[in-house]
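Peer 1: I would like to see how this sequence folds:
(2 chains)
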Amino acid sequence: MPRRSVAVFQVIPAGRPWLTNSDSPIDDTLLADRIRAGDREALGELYDRYASLALALAIRVVTDRFTAEDVVHDAFVAIWQHIDRFDRSRGSLRGWLLTVVRNRAIDRIRGARPTMEVGAADERSLLRTGPNPTWELAIARISAIELRVVLATLPAEQREAIELAYFGGRTYREIARLTGVPEGTASGRLRLGLAKLRDALRVPVDGQSVAVPVRTDGEGREP
Amino acid sequence: MSSAQSDALDCARADELAGAAALGALDTTESQAITQHVATCDMPHAELRELLGSNAVLALALDPMTPNPTLRERIMASVAATPQAHRAAIAPAGDSGASIRRSRLDWSSVGLWRGLAGAAAVVIIALGGWNIGLRQQMAVQDAALSAIADVVIGGQPAYSVTGLAGSGYVIDSDGPGSTFLVAGLEELPSGDIYELWLLDAAGTPLAVGTIEVADPGLAVVALEQDLSGFALFAVTVEAERVDTPTGDPVMVGAIRN
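Peer 2: So this is what the prediction gives:
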């Protein structure tokens, strides 16, 4: 039978874009579809791809390997359980996973904070997964070392604020107190630091096509 | 800022807090206020929207760390015991399109034998659970089926396909054609059909067959295309055979060529 090629991306009805997303790694898109359909092997594949990164993030936040593995466990189970909340139009499956890991790790170090219910980490992650492709393209484009280099170019006070917020789970008010600056200065440092990071990572866009060199060696971000 | 002030967050304040919002560095009240503001405000808040999503990038600056080997097993065990929220929500309703009720297996059906004659393959039946091994399952079935099962076990690649509609296998073939075997397909509303798809690595679907059944038991379908070059098999429910899927897949399985 002759092969029929169908341009599915434009004709799938809104709300049912289950095939692919040009802004996300195709493998992850398919993986999300399979997980949504109840394929446990797909969840295992997701683990194989990103568990080491998820664990690194969790350890960085909670500083204890045992607790970090609990966080990673809970995050993957949450991904499985609530895959229906994953919206590919807002970002990649990897980005969502890492956000869930980070949020759950933050919840651990904040303790039994009354406003942080068990499911809150996953709900918050939906807000955090933005539609702008800059970050997703950066993930595909650069290595960890290159990203560190970019972070190192930020002014020290902006980098410190970002690390306190992201890895330390501090609010900007807490950062202000910790660093002895007004709250507006602390929130400003976060904003300016992220904006500089975004600008440093931005990939030139030519019309509708974006050429993103994806590494395939050990330093690459693509599994 | 008080809670009352947060609730009345204006555009300038939302923009000021863009970095903190992107990094989750707001307290709960402010976080809710900024979420609500962005959702309802007519202004674009371009920078705020752009900064959202930055957090996953920061994680990539870390060196990956190898988990304890038992962590994967622990996660998979938990997953096996954890129903997915959307499936749990659908199941009790029992009346949502394809998800009405499971059919009982009919090992003696004419369709089964006719299909198996050309299939040279077999499936692990899932009505009683996926932990039942192929040989064990076959041992209680007809000897002829066991013989065919041996062919599969002897080297034919078989790919698990699961989902809301049922469980099955896509069987690769040494020769032309491949086969989809599925057990316990959910009954469809009158007129609807199951449509079968192969997708390549780019996500482009190719229609490779349909199943039109009211009480399918075990269905065996010869695919209209072999599996070479495809990455995914999927099943959708359609009103008629179409060239492009119109809905979410009700079954999905990965193909590893």
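
Peer 1: OK, contacts around the residue nearest to residue A:95 when sequence neighbours are not counted?
Peer 2: Residue nearest to residue A:95 in three dimensions, not counting chain neighbours: residue B:56, with 3.7 Å by C-beta to C-beta, 6 or more residues apart in numbering or on different chains. For glycine as for every other residue, the C-beta is placed from the backbone atoms N, C-alpha and C. Listed by C-beta atoms under 8 Å, 6 or more residues apart in numbering or on different chains, the contact partners of residue B:56 are A:91-92, A:94-96, A:98-99, A:129, A:135, A:139.

Peer 1: among these, which lie within helices?
Peer 2: If you go by DSSP state H, the contacts of residue B:56 have A:94-96, A:98-99, A:135, A:139 in helices.

Peer 1: could you pull out the helices in chain B for me?
Peer 2: Under DSSP H, chain B gives helices at B:3-7, B:11-16, B:18-22, B:28-40, B:46-51, B:54-59, B:69-80, B:85-90, B:110-119, B:134-139, B:143-153.

Peer 1: go through the ones you listed and find the least confident stretch.
Peer 2: Mean pLDDT per stretch puts helix B:110-119 lowest among those, at a mean of 32.

Peer 1: who does the longest helix along chain A touch, helix- and strand-wise?
Peer 2: Assignment by DSSP H gives helix A:40-62 as the longest helix of chain A. Under the contact definition 3 or more C-beta pairs under 8 Å, 6 or more residues apart in numbering or on different chains; DSSP states H and E, helix A:40-62 sits against helix A:26-36, helix A:65-81, helix A:93-110, helix B:54-59, helix B:69-80, strand B:251-254.

Peer 1: so which of those comes closest to residue B:196?
Peer 2: strand B:251-254 (9.1 Å; C-beta to C-beta).

Peer 1: report how many residues lie close to residue A:91.
Peer 2: 29 (other C-beta atoms under 10 Å in any protein chain shown).

Peer 1: again with the one 10 residues further on
Peer 2: The local packing count at residue A:101 equals 31, with neighbours defined by other C-beta under 10 Å.

Peer 1: what separates it from residue A:74, distance-wise?
Peer 2: For residue A:101, the distance to residue A:74 (C-beta to C-beta, to the nearest Å) stands at 9 Å.

Peer 1: re earlier: of the contacts of residue B:56, which is the nearest to residue A:202?
Peer 2: residue A:135 (9.8 Å).

Peer 1: pretty sure the closest one sits against residue A:201.
Peer 2: Yes. Residue A:135 lies in contact with residue A:201 (C-beta atoms under 8 Å); the separation is 7.3 Å.

Peer 1: which one of these two has more residues nearby?
Peer 2: Ranked by neighbour count (other C-beta under 10 Å), residue A:135 and residue A:201 place residue A:135 first, with 29 against 19.

Peer 1: and residue B:208, which of the helices and strands packed on helix A:40-62 is closest to it?
Peer 2: Of those, nearest to residue B:208 by C-beta to C-beta is strand B:251-254, at 13.0 Å.

Peer 1: and the closest one with chain A, contact?
Peer 2: Yes. Against chain A, strand B:251-254 shows contacts by C-beta under 8 Å from any C-beta of the partner chain at B:251-254.

Peer 1: farthest pair within the residues you listed?
Peer 2: The widest separation within the residues of strand B:251-254 next to chain A (C-beta to C-beta) is 12.0 Å, between B:251 and B:254.

Peer 1: residues in contact with residue B:42?
Peer 2: Counting by C-beta under 8 Å, 6+ apart, residue B:42 has no contacts.

Peer 1: how far away is it from chain A?
Peer 2: Separation of residue B:42 from chain A (C-beta to the nearest C-beta, to the nearest Å) stands at 17 Å.

Peer 1: same question for residue B:172.
Peer 2: Taking C-beta to the nearest C-beta, one finds residue B:172 at 17 Å from chain A.

Peer 1: burial check on the nearest residue to residue B:229 once chain neighbours are set aside, number of neighbours?
Peer 2: Once flanking residues are discounted, residue B:229 sits nearest to residue B:200: 6.1 Å by C-beta to C-beta, 6+ apart. Residues lying near residue B:200 (other C-beta under 10 Å) number 16.
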